[in-house]
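Q: attaching a predicted model along with its sequence, questions to come.
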Amino acid sequence: MSVQDLFLEAVANSKTLSEKPDNDTLLKLYALYKQATEGDNKEEGPANMFDFVAKFKHEAWAKLQGITKDDAMQQYIDLVKQLKG
């Protein structure tokens, strides 16, 4: 199986976790997904400075700048495997 196939499988598996991950883990999953599918975050921060969820998502993704799509996919796969236990 390719990394892409394993990533798509992990994305599907992330939706069937027995317990909802904590917010930090959810942010990490979001950021890794965005990095894996879109690459570096080129977007400006959220326009509404009081939209804290958008702000945290933006910052989490921006922290992964420079990580290749394949590396982000692998980290996502590994994190979902860890969560599935």
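A: Thanks, I have the structure now.
Q: got the contact list for stretch 1-9?
A: 36, 70, 73-74, 76-77 (C-beta atoms under 8 Å, 6 or more residues apart in numbering). Where C-beta positions appear, they are placed from N, C-alpha and C, glycine not excepted.
Q: among those, the buried ones, what's the PyMOL command?
A: Only the buried entries of the contacts of stretch 1-9 go into this PyMOL selection, using 16 or more other C-beta atoms under 10 Å:
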select buried, resi 36+73+74+76+77
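Q: now render the contacts of stretch 1-9 as TSV, adding secondary structure, distance to Asn13 and pLDDT.
A: TSV is the format used below for those (DSSP: H, G, I helix; E, B strand; the rest coil; distance: C-beta to C-beta, whole Å; pLDDT from 0 to 100):
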residue	secondary structure	distance to Asn13	pLDDT
Ala36	helix	15	98
Asp70	helix	19	98
Met73	helix	13	98
Gln74	helix	15	98
Tyr76	helix	10	98
Ile77	helix	9	98
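Q: and which of the contacts of stretch 1-9 is nearest Pro21?
A: Of all the contacts of stretch 1-9, Pro21 sits closest to Tyr76, with 12.6 Å by C-beta to C-beta.
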